[in-house]
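Engineer: fold the following for me, if possible:
(one chain, ligands or ions: 1)
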Amino acid sequence: MSAVDVPVALLGYGTVGSAVDRLLAENAEDIERATGHRLRVVRALVRDEAKERPHAPAEGVLTTDLARIRDDPSIAVVAEVMGGLEPTGNYVRELLGAGKPVVSANKQLVAREGAALFRAASEAGVQLRFEASVCAAIPVIKVLREALVVSNVHRVVGIVNGTTNFILTEMEGGAGYEEALAEAQRLGYAEADPTEDVSGADAAAKMAILATMAFGSRVTLADVGYEGIEGVTGEHVAAARSMDMVVRLVGQATLAGERLDVRVGPALVDRHHPLAAVEGAFNAVMLQGDAIREITLEGPGAGGMETASAVVADMVSVIGTTGTGFLQNDACWRTLERLPPGEARSPFYVSIRVDDVAGVLAQVALRLAGRGVSVARLVQEQSNGAATLHVVTHEAAERDLRSALDEIADLPETRERPTALPVVSDRGVAGLGWA
Ligand SMILES: NC(=O)c1ccc[n+]([C@@H]2O[C@H](COP(=O)([O-])OP(=O)(O)OC[C@H]3O[C@@H](n4cnc5c(N)ncnc54)[C@H](OP(=O)(O)O)[C@@H]3O)[C@@H](O)[C@H]2O)c1
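Structural biologist: Next up, the predicted model:
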């Protein structure tokens, strides 16, 4: 079946807009395979057509005239990636009114003007999607709206602003607030004017959207009590540490009976809580509900490509659910060979019980090295003339490790067959401590 050509348009061709164009072009085959359609950016609204752009669009795509998008009947969906409230809100309403489905990455617009925009979309009978407006690449809106439709979610707790989370993580490492903010700005995590992030306003807008989706009741920015991190000091961070906790900017939306409460502010989080593990510019959202107990989604909450991936996913969803829909049921499009048993690679923990005699360590190390398995960490524990060797290896093929362990099992000094378990760690095995 040949692909259907689907012209689409963008409002804005900045960081996110240009990334959407690139993603659509670079992944055209994947999208076509999944949907049978080929989405192609034919028009992008900007302020200044002549501006130098790092990723220039195709000839003739840029325009400063909204009517060239609104009045073009071939354009099937429009992504609003220009930001701001005005004229953006009017543009989106005009497009919806003209029967164009719209996808938006604009949390302030959705949080403040959602009611009017969704009304306009309903009246026109078109979709308005906004996955990218909350936590960029994390598909939390889709999960709330589609996967958890019958789960009665009554609490949403999240770290939904990467800039403040980065600053607080830096402060945990000993930096002062100003120093941490400067570092965030240097790395591009914070704007030159960081007010919206550090004041909690950005997180509040996202929590308003999440609460609206979770509880099915309109929550606007005015409903969210918020406080930023400007007042967080090194003393707060140290006090939290002494109680085995960390300071995080936490958004909480709670449905208690028929009443809801949505707030954002600095909080102390137990180090064993999933949100304590969210470090740097990452975001995480925990959803609690009757049927699901608890689900945590974590990932990059900002960035041009990350945001663009959510915009593209929404555009594909709009196209895939328009008319009779065409998202293909069977996601399998290729046949892949199976990795032969034993070839999968991992670091391993190995426990070897041996006689406590001179030279045994060298014998063990020799057998491991002979099979190309290198040792990252080794601890020897002695008791009653025997010794247990606790070994963590660098990444190795399971087959090679098993062969080495067979040889070690045959050594006269080995008392029991060695045992091995894979190690899961993303901080490198050499840095692992021993409990
Ligand atoms: N960047 C991120 O990491 C990120 C993450 C999550 C959400 N978002 C959201 O995504 C949206 C876009 O962000 P961005 O970083 O891509 O912004 P950006 O780089 O500043 O790009 C904005 C684009 O919109 C155009 N534009 C702005 N005002 C316009 C107007 N009045 N008329 C016509 N065109 C106009 C600009 O045109 P010119 O090029 O001619 O100036 C530019 O192409 C915002 O709502 C933002 O909150 C961004």
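
Engineer: okay, CA-based contacts and neighbour counts for the rest of this
Structural biologist: Will do.

Engineer: residue 366: helix or strand, and which one exactly?
Structural biologist: helix 360-370 (DSSP states H and E).

Engineer: what comes into contact with that helix?
Structural biologist: 354, 374-375, 401, 404-405, 407-408, 413 (C-alpha atoms under 8 Å, 6 or more residues apart in numbering).

Engineer: report the buried residues of whatever helix or strand comes next after that helix.
Structural biologist: Per DSSP H and E, the first helix or strand lying C-terminal to helix 360-370 is strand 375-383. Buried residues in strand 375-383, counted by 16 or more other C-alpha atoms under 10 Å: 375-377.

Engineer: mind listing what residue 212 touches?
Structural biologist: With C-alpha under 8 Å, 6+ apart, residue 212 has these contacts: 218-219.

Engineer: which of the three states applies to it?
Structural biologist: helix (DSSP: H, G, I helix; E, B strand; the rest coil).

Engineer: which residues sit in contact with the spatially most central residue of the chain?
Structural biologist: Nearest to the mean C-alpha position of the chain, by C-alpha atoms, centre = their mean, lies residue 299 at 2.2 Å. Applying C-alpha under 8 Å, 6+ apart to residue 299 gives the contacts 137-138, 282-284.

Engineer: separate out the buried members of those residues.
Structural biologist: With burial judged by 16+ other C-alpha under 10 Å, the buried subset of the contacts of residue 299 is 137-138, 282-284.

Engineer: nearest residue to residue 126 in space, please, no chain neighbours.
Structural biologist: residue 101 (5.1 Å; C-alpha to C-alpha, 6 or more residues apart in numbering).

Engineer: angles on the backbone of the one you found, please.
Structural biologist: phi -60, psi 140 (degrees, to the nearest 10).

Engineer: for the stretch 301-435 of the chain, which residues are neighbours of the ligand?
Structural biologist: 302-304, 307 (C-alpha under 6 Å from any ligand atom).

Engineer: out of those, which is nearest to the ligand?
Structural biologist: Within these, the smallest distance to the ligand is 3.4 Å, found for residue 303 (C-alpha to the nearest ligand atom).

Engineer: returning to that earlier point: looking at the contacts of helix 360-370, which are in strands?
Structural biologist: 354, 375 (DSSP state E).

Engineer: distance to residue 192 and pLDDT added to the contacts of helix 360-370, as CSV?
Structural biologist: As requested, the contacts of helix 360-370 are exported to CSV (distance: C-alpha to C-alpha, whole Å; pLDDT from 0 to 100):
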residue, distance to residue 192, pLDDT
354, 61, 97
374, 47, 96
375, 47, 95
401, 52, 98
404, 56, 98
405, 57, 98
407, 61, 98
408, 60, 98
413, 65, 96
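
Engineer: ChimeraX command for the buried members of the contacts of helix 360-370?
Structural biologist: Restricted to buried positions by 16+ other C-alpha under 10 Å, the ChimeraX selection for the contacts of helix 360-370 reads:
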select :354,374,375,401,404,405,408,413
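
Engineer: for the nearest residue to residue 311 once chain neighbours are set aside, give me phi and psi.
Structural biologist: Sequence neighbours aside, residue 132 is the residue nearest to residue 311 in space, at 5.6 Å (criterion: C-alpha to C-alpha, 6+ apart). Phi and psi for residue 132, reported as degrees, to the nearest 10, are phi -70, psi -10.

Engineer: looking at the residues of the stretch 301-435 of the chain next to the ligand, which has the most residues close by?
Structural biologist: Most neighbours among these, by other C-alpha atoms under 10 Å: residue 307, with 27 neighbours.

Engineer: correct me if wrong: that residue contacts residue 134.
Structural biologist: No: using C-alpha atoms under 8 Å, residue 307 is not in contact with residue 134, being 9.1 Å away.

Engineer: thank you, goodbye.
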